[in-house]
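Trainee: mind looking at a prediction? Sequence and model below.
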Amino acid sequence: MMGSTNIFDGTFTVDVEDYFQVSAFASVIKPDDWDHYECRVENSTRRILEIAARQSTRGTFFILGWVAERFPHLVQEIRSAGHEIGCHSHWHQLVYDLGPERFRADLIKSRDVLRDITGEPVHLYRAPSFSITRRSLWALDILIEEGFDTDSSIYPTRHDRYGIPGSPQSPHVIKTASGSIREFPGMTAIVTGMTVPVGGGGYLRLFPWWVTARLLKQVRSADRPLNVYLHPWEVDIDQPRIRASLKSRFRHYQNLSTMAPKLTSMLSQFRLTTMSTVLDHTLARKPDAQIPAAAFTS
Ligand SMILES: [Zn+2]
């Protein structure tokens with residue numbers, strides 16, 4: 001084989017947060033109010049765990065520190081099912097809004113909560129709403145300084161909240177003044193000549209399954225590992241409805257009922273696994289995939 005074939009098509013990831021913590025509702029629900037909402041994340045996460053177990057798929061769960069603090073047994077359940085634990089911040093604030101000092105404090109808080117529950121160091125990170133952009137590349141230095149070796153927070157596309165258009169679409173190593181970090185960028189495909197996000201969150205809900213399946217095959221044919229992501233609230237059809245703008249409600253509620261069947265199809269038709277497994281394999285085949293962080297700013 002000599003590295004010519006991939007054992008896996010890509011990674012299966014879950015950002016573990018509840019329906020009232022998402023960026024789409026951040027303007028109407030503040031973190032101080034979170035305690036007033038009915039938590040549904042345990043049951044919705046278990047639904048994903050059941051589907052993954054039925055398809056014998058392991059993945060990487062980026063867990064919000066706030067959720068881990070309140071539901072430590074959920075973190076243990078995820079871990080004992082064989083999944084990998086990553087960090088999704090503590091308060092789900094956009095990295096570029098926090099600034100370096102508050103970002104570091106939030107990161108340490110969530111990292112330590114997760115570490116104390118699992119008894120293992122946490123070394124993978126995904127920012128809320130992929131909010132490491134040109135404005136917040138300093139976050140990579142802080143991640144390295146705080147013991148993280150893997151990040152999945154950069155989306156090589158244009159979007160109102162996130163994205164570094166033109167940044168690499170395949171996993172690579174970013175070199176900064178503080179050291180190196182492995183980056184598994186958000187997944188994109190080409191649709192009518194445009195680079196668009198695919199296979200995650202709202203895009204997974206919006207596109208019919210056959211469209212997503214075709215785009216995932218396009219990514220695979222380009223020899224790029226898939227980076228699939230979803231959230232527990234996306235399989236929670238009966239979640240309480242939040243009064244927010246039409247755009248936010250569309251982004252959050254559209255096609256919720258399609259998500260569980262799509263997940264089953266995806267995990268049965270594509271070979272997905274933990275992010276570390278995919279990166280170990282992919283980067284070993286491409287030792288030259290190193291990029292200085294300064295390249296992103298130009
Ligand atoms: Zn999130």
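Mentor: On my side now, so go ahead.
Trainee: same for the longest strand along the chain, what does it pack against?
Mentor: Looking across the chain with DSSP state E, the single longest strand is strand 10-16. With contacts taken as 3 or more Cβ pairs under 8 Å, 6 or more residues apart in numbering; DSSP states H and E, strand 10-16 sits against helix 41-54, strand 60-63, strand 226-230, strand 272-273, helix 275-285. C-beta coordinates here come from the backbone N, C-alpha and C atoms, glycine included.
Trainee: let me see the mean pLDDT of the shortest one.
Mentor: Okay, so that is strand 272-273. When pLDDT is averaged along strand 272-273, the result is 98.
Trainee: return the list of strands paired to that strand, each annotated with direction.
Mentor: Neighbouring strands of strand 272-273 in its sheet, by DSSP bridges, are strand 10-16 (parallel).
Trainee: now the partner strand: mean pLDDT?
Mentor: Here the average pLDDT along strand 10-16 is 98.
Trainee: what's in contact with that strand?
Mentor: With contacts defined as Cβ atoms under 8 Å, 6 or more residues apart in numbering, strand 10-16 is touched by 41, 45, 48, 52, 57-64, 67, 74, 78, 86, 88, 126, 152, 184, 187, 219-220, 225-232, 267, 270-275, 277-278.
Trainee: list buried residues within those residues.
Mentor: Buried by 16 or more other Cβ atoms under 10 Å: 41, 45, 48, 52, 57-64, 67, 74, 78, 86, 88, 126, 152, 184, 187, 219-220, 225-232, 267, 270, 272-275, 277-278, out of those.
Trainee: out of these, who's near the ion?
Mentor: Counting by Cβ under 5 Å from the ion, nothing from those sits close to the ion.
Trainee: residues touching the nearest residue to residue 159 once chain neighbours are set aside, list them.
Mentor: What sits nearest to residue 159 in space, not counting adjacent residues and going by Cβ to Cβ, 6 or more residues apart in numbering, is residue 197, at 7.3 Å. Neighbouring residues of residue 197 by Cβ under 8 Å, 6+ apart: 155, 157, 159, 186-188, 203.
Trainee: kind regards, and thank you for your time.
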